[in-house]
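> Requesting a structural model of the entry that follows:
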Amino acid sequence: EREMLGISRMPVSLNEALELAKNSELMLSLLGERMLDRYISKKTEEYDRYRRTISQWELDNYLAKY
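Residues are numbered from 1 along each chain as shown. Below you'll find the model as predicted:
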């Protein structure tokens with residue numbers, strides 16, 4: 001039904017959303033080039049910190065076996 005209405009799926013990760021935002025004319029028109037660049041830069045840093053974090057679930061499920 002979404003496809004029939006021309007609605008695409010939402011990004012499944014912050015990284016995917018950032019990739020879409022980098023090339024978004026809407027984001028560029030809303031924020032301007034300078035703010036969009038800063039926004040992308042800060043969110044990229046945030047994503048990098050997130051992906052380097054080990055969650056309790058990972059500890060429990062991967063290290064508990066050893």
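> Next one: residue 12 relative to residue 20, how far apart?
Plainly put, residue 12 is 11 Å away from residue 20 if you go by CB to CB, to the nearest Å. Quick note: C-beta positions are derived from backbone N, CA and C, even for glycine.
> Which one of those two is surrounded by more residues?
For residue 12 versus residue 20, the count of surrounding residues by other CB atoms under 10 Å is larger for residue 20: 12 against 8.
> check contacts around the more buried one.
When contacts are counted by CB atoms under 8 Å, 6 or more residues apart in numbering, residue 20 touches residue 11.
> tell me which element it falls in.
Residue 20 is part of helix 14-22 when elements are defined by DSSP states H and E.
> in that helix, what counts as buried?
Within helix 14-22, the residues that qualify as buried by neighbour count (16 or more other CB atoms under 10 Å) are 18, 21.
> hey, C-alpha coordinates of that helix in PDB?
Output in PDB follows, covering the C-alpha atoms of helix 14-22 (Å, rounded to 0.1, in the frame of the first residue of the first chain):
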ATOM      1  CA  LEU A  14      21.300   6.400  11.600                       C
ATOM      2  CA  ASN A  15      24.000   5.700   9.100                       C
ATOM      3  CA  GLU A  16      21.400   5.000   6.300                       C
ATOM      4  CA  ALA A  17      19.500   8.200   7.300                       C
ATOM      5  CA  LEU A  18      22.700  10.300   7.100                       C
ATOM      6  CA  GLU A  19      23.500   8.900   3.600                       C
ATOM      7  CA  LEU A  20      20.000  10.000   2.500                       C
ATOM      8  CA  ALA A  21      20.300  13.400   4.200                       C
ATOM      9  CA  LYS A  22      23.600  14.100   2.400                       C
END
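> chain center to it, what's the gap?
Centroid displacement of helix 14-22 relative to its chain, using CA atoms, centre = their mean, to the nearest Å, is 5 Å.
> same deal with stretch 58-66?
Remark: stretch 58-66 is offset 26 Å from the chain centroid, using CA atoms, centre = their mean.
> Flag the shaky bits of the protein, pLDDT-wise.
Flagging of the chain using pLDDT under 70 yields the residue ranges 65-66.
> can we see that at 80?
Of all residues in the chain, those with pLDDT under 80 make up the ranges 1-8, 64-66.
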